[in-house]
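Visitor: sequence first, then the predicted structure, then my questions.
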Amino acid sequence: MKTLDWERMLLNELPTTFMLEVAVRVLFAYLLVFAFLKLSGRRGVRQLSLFELVVILTLGSAAGDVAFYEDVPLLPIAGVFFFLLLLYRATLWAMDRFPRVGLWIEGGPVTIIRDGQYDMPALRQQNISCDEFFMELRQLGVEHLGQVRLGILEVDGDLSLYYYSDEMVRPGLSVLPEEFKSCYRKVPDSGMYACSTCGAIQLMLQEQQGVCERCDNEHWTPALESTRCH
């Protein structure tokens, strides 16, 4: 086999007119995926659950095959889409009829913030890093955890937050990037400090060194008490 054979790399043994067939196949795959999304009732990608994402990836694989391979006939691919739609509808029916099935397939909402502190085991269980978690909070207008009364990770990956009123905001761990907060092992001044690992709040005296009771961390950052900007 000749290396860097452009004729083989571009079309191999296919005629140039096969590009017209590729266009027809892509249009066919596009219409099938579009029809599936319309029939399934999805309005947007953000609404996709884990099960629905698996279905879409399966559709994408089938659509890719029919678009690029000349030996893949169209009708079997249409059958794949049809039976996937039936499977999708049957699974939704089972999830609605039997709640345990839905819980097994998609999981349930997970509480990751409670009373201004986040749940580290819950984050680890969901394979979410602290940096990713803090980024999500910043995008929702949160400056520190003390502004949040309850945070729930929904089954579709969205984060639902329930805030304290301005009068009820408590000291909390800053979610800003590291360049905007200081971290100490021996605190320079007396005041409220947040554990840099788990967000636990503790009153500390000047030059005091402390060990967090929740996670045994020894590093602290000044707790913020600012209210949210409305």
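Guide: Great, that's in hand.
Visitor: name the SS class of the residue most central in space within the chain, please.
Guide: Against the mean C-alpha coordinate of the chain, by C-alpha atoms, centre = their mean, the closest residue is residue 157 at 4.4 Å. Under DSSP: H, G, I helix; E, B strand; the rest coil, residue 157 falls in the coil class.
Visitor: can you check the one 4 residues further on too?
Guide: Using three-state DSSP, the structure places residue 161 in strand.
Visitor: hang on, it packs against residue 151?
Guide: Yes: the pair residue 161 and residue 151 passes the contact test of C-beta atoms under 8 Å, sitting 5.2 Å apart. Quick note: C-beta positions are derived from backbone N, CA and C, even for glycine.
Visitor: let me see the ranges of the strands in this protein.
Guide: Using DSSP state E, the strands of the chain run over 110-114, 117-118, 148-153, 159-163, 191-195, 201-204, 220-222.
Visitor: comparing the ones you listed, which yields the minimum mean pLDDT?
Guide: Of all these, mean pLDDT reaches its minimum on strand 117-118 (a mean of 85).
Visitor: would you map the helices across the chain?
Guide: 6-10, 18-40, 50-68, 74-97, 99-106, 120-125, 130-139 (DSSP state H).
Visitor: quick one: average pLDDT of the third one?
Guide: Taken as a whole, helix 50-68 has an average pLDDT of 72.
Visitor: and the contacts of that helix?
Guide: Helix 50-68 is touched from outside by 22, 25-26, 28-30, 32-33, 36, 40, 42, 48, 72, 74, 77, 80-81, 84, 87-88, 91, 105-107, 155, with contacts defined as C-beta atoms under 8 Å, 6 or more residues apart in numbering.
Visitor: show me how far it is from its chain's centre.
Guide: In terms of C-alpha atoms, centre = their mean, to the nearest Å, the centre of helix 50-68 is found 20 Å from the chain centre.
Visitor: can I get it in CSV, CA atoms only?
Guide: Extracted in CSV, the C-alpha atoms of helix 50-68 (Å, rounded to 0.1, in the frame of the first residue of the first chain):
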residue,chain,number,x,y,z
LEU,A,50,-28.6,9.8,31.3
PHE,A,51,-30.9,7.3,29.6
GLU,A,52,-31.8,9.8,26.8
LEU,A,53,-28.2,10.6,26.3
VAL,A,54,-27.5,6.9,25.7
VAL,A,55,-30.3,6.8,23.1
ILE,A,56,-29.0,9.9,21.3
LEU,A,57,-25.4,8.5,21.2
THR,A,58,-26.9,5.3,19.7
LEU,A,59,-28.7,7.3,17.1
GLY,A,60,-25.6,9.2,16.3
SER,A,61,-23.7,6.0,15.7
ALA,A,62,-26.4,4.7,13.4
ALA,A,63,-26.6,8.1,11.6
GLY,A,64,-22.9,8.2,11.1
ASP,A,65,-22.8,4.7,9.6
VAL,A,66,-25.6,5.4,7.1
ALA,A,67,-24.0,8.8,6.1
PHE,A,68,-20.5,7.5,5.3
